[in-house]
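[1] No sequence on hand, only this structure:
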């Protein structure tokens, strides 16, 4: 078998990185991002290395690949088993909060989301829905609170299990929870 | 053997898990001592299952206690009371700003490719007309409803045959005495319940051809009169006439007004 030249290797890698970028940037499912097994199928066994190269390229544009595990971990460097990596979801997020405005949401809705997340995080990641509703109702009408919580659930910022709210996959992907708590306490 | 204490402890474990209260509120040592007391008395399979459930719930609480300690020692731990107080003090704008500064939105785009468009077109072409696919969109199931006919009412002992016939005769006589009259004026009575009963019986009069309905669709008026020819022509059609409590109340008010004006006019 002929050995692959350096040029050929570079071309192949570039092709794979390009494919990985397209897979991660363009939505293929209702939830953004792709699962590890999908990346493996499209990029081969070394898909984590391809993601590593893509990550360093994205870094130049202020973006990064984020890995979200069902158990709550984040970050692509987590040294965990192959099977778990294949179950994890990969997505591209903005690395820094540089842009002025990246959402069309009303300030009230963002405030409610911020307060809800901080409240739930401070309660070890889950809180009864009724308690959250009562807490938010101190500043907003009940009807708006109900709608807002339902929207956050639909968007993936929150999850609900037997009337208990918990931090959703989207919060784990998008929100730096430590920074959020620090900023709130420092305000 | 009283199991109240054990059930109370199991329920307490479940409450802690559900409401995320402090898992250290449960005295594990005391729980185990209680279980030990019961251990010698267990006899049936149900007793053992209860014992297993208690141990399982206790194990979950111990796991939660471990998690609780880990959370408290992590950088995420903030006293919930302090956080709640802080959140209550902050303005919505401050909360929103904190969110935006810790937010790293997902970058995701939707794009329809020519291939996907072609797939969509092929799907459309292969799709059968809606009229042929109605079973794919079933109507929401509704409880089966049916109407009671006179025989059902007789079977249920709500009415007797003679009582029913007597009532029909009385209504027929009343109609003959009053002649052509507006339907609601004929049906409505001092009591709403009687009005409904009268409407029900009148429908039989009309169905049997003993009374005629004269409908003026433009004015929305319905008149009833005794039939000149006592026979059903065989030309059957249903005429829905609405009756409601509100409508009956309006009719009653109108009757009172008319009566009052009549008294003044004297």
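    On my side now, so go ahead. None of the values given here were measured: they were computed from a predicted structure.
[2] residue ranges of the helices in chain B, please?
    Using DSSP state H, the helices of chain B run over residues B:4-19, B:28-39, B:45-73, B:80-89, B:92-101, B:114-126, B:150-155, B:161-178, B:183-187, B:192-207, B:245-265.
[3] By mean pLDDT, show me the worst of the ones you listed.
    Set side by side, the helices of chain B give their lowest mean pLDDT on helix B:150-155, at a mean of 71.
[4] Do you know the pLDDT at the residue nearest to the spatial centre of chain A?
    Relative to the mean C-alpha position of chain A, the nearest C-alpha, by CA atoms, centre = their mean, is the one of residue A:173, at 1.7 Å. Looking at residue A:173, its pLDDT is 90.
[5] Provide the contact partners of stretch A:121-137 at residue level.
    Applying CB atoms under 8 Å, 6 or more residues apart in numbering or on different chains, the contact partners of stretch A:121-137 are A:112, A:115-116, A:119-120, A:142, A:145-146, A:148-149, A:160, A:163-167, A:177, A:180-181, B:18-20, B:67-68, B:71, B:76, B:78-80, B:83-84, B:87. Where you see a C-beta, it was placed from the backbone N, CA and C, and this is true even at glycine.
[6] Show the buried residues in those.
    Among the contacts of stretch A:121-137, those scoring as buried are A:112, A:115-116, A:119-120, A:145, A:148-149, A:164-167, A:177, A:180-181, B:20, B:68, B:78, B:80, B:83-84, B:87 (criterion: 16 or more other CB atoms under 10 Å in any protein chain shown).
[7] on that earlier part again, how about the helices of chain B in TSV, adding distance to residue B:135?
    Below are these laid out as TSV (distance: least, CB to CB, whole Å):
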stretch	distance to residue B:135
helix B:4-19	42
helix B:28-39	56
helix B:45-73	45
helix B:80-89	52
helix B:92-101	48
helix B:114-126	17
helix B:150-155	33
helix B:161-178	43
helix B:183-187	43
helix B:192-207	37
helix B:245-265	40
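[8] For residue A:69, which of the ones you listed is the nearest?
    Checking the helices of chain B against residue A:69 by CB to CB gives helix B:45-73 as the closest, at 16.8 Å.
[9] Keep only those of the contacts of stretch A:121-137 that are in strands.
    A:160, A:164, A:165, A:166, A:167 (DSSP state E).
[10] Buried residues of stretch B:96-105, list them for me.
    Buried-residue list, stretch B:96-105, by 16+ other CB under 10 Å: B:96, B:97, B:98, B:99, B:100, B:102, B:103, B:104, B:105.
[11] swap in stretch B:28-36?
    B:31, B:34, B:35.
[12] so which of those comes closest to chain A?
    Nearest to chain A out of the buried residues of stretch B:28-36 is residue B:31 (CB to the nearest CB; 21.7 Å).
[13] so the closest one touches residue B:6, yeah?
    No - counting by CB atoms under 8 Å, residue B:31 stays clear of residue B:6, with 9.1 Å between them.
[14] Give the residues shared as contacts by those two.
    Listed as contacting both residue B:31 and residue B:6 by CB under 8 Å, 6+ apart are residue B:54.
[15] returning to that earlier point: mind checking which of the helices of chain B is nearest residue A:24?
    Within those, the stretch nearest residue A:24 is helix B:114-126; the backing value is 17.8 Å (CB to CB).
[16] picking that back up, which of the ones in strands among the contacts of stretch A:121-137 lies closest to chain B?
    Once CB to the nearest CB is applied, the member of the ones in strands among the contacts of stretch A:121-137 that ends up nearest chain B is residue A:164, at 6.6 Å.
[17] gap between that closest one and residue B:227?
    Distance of residue A:164 to residue B:227, computed by CB to CB, to the nearest Å: 69 Å.
[18] for residue B:117, same thing?
    Counting by CB to CB - residue B:117 and residue B:227 are separated by 68 Å.
[19] Alright, I will stop here.
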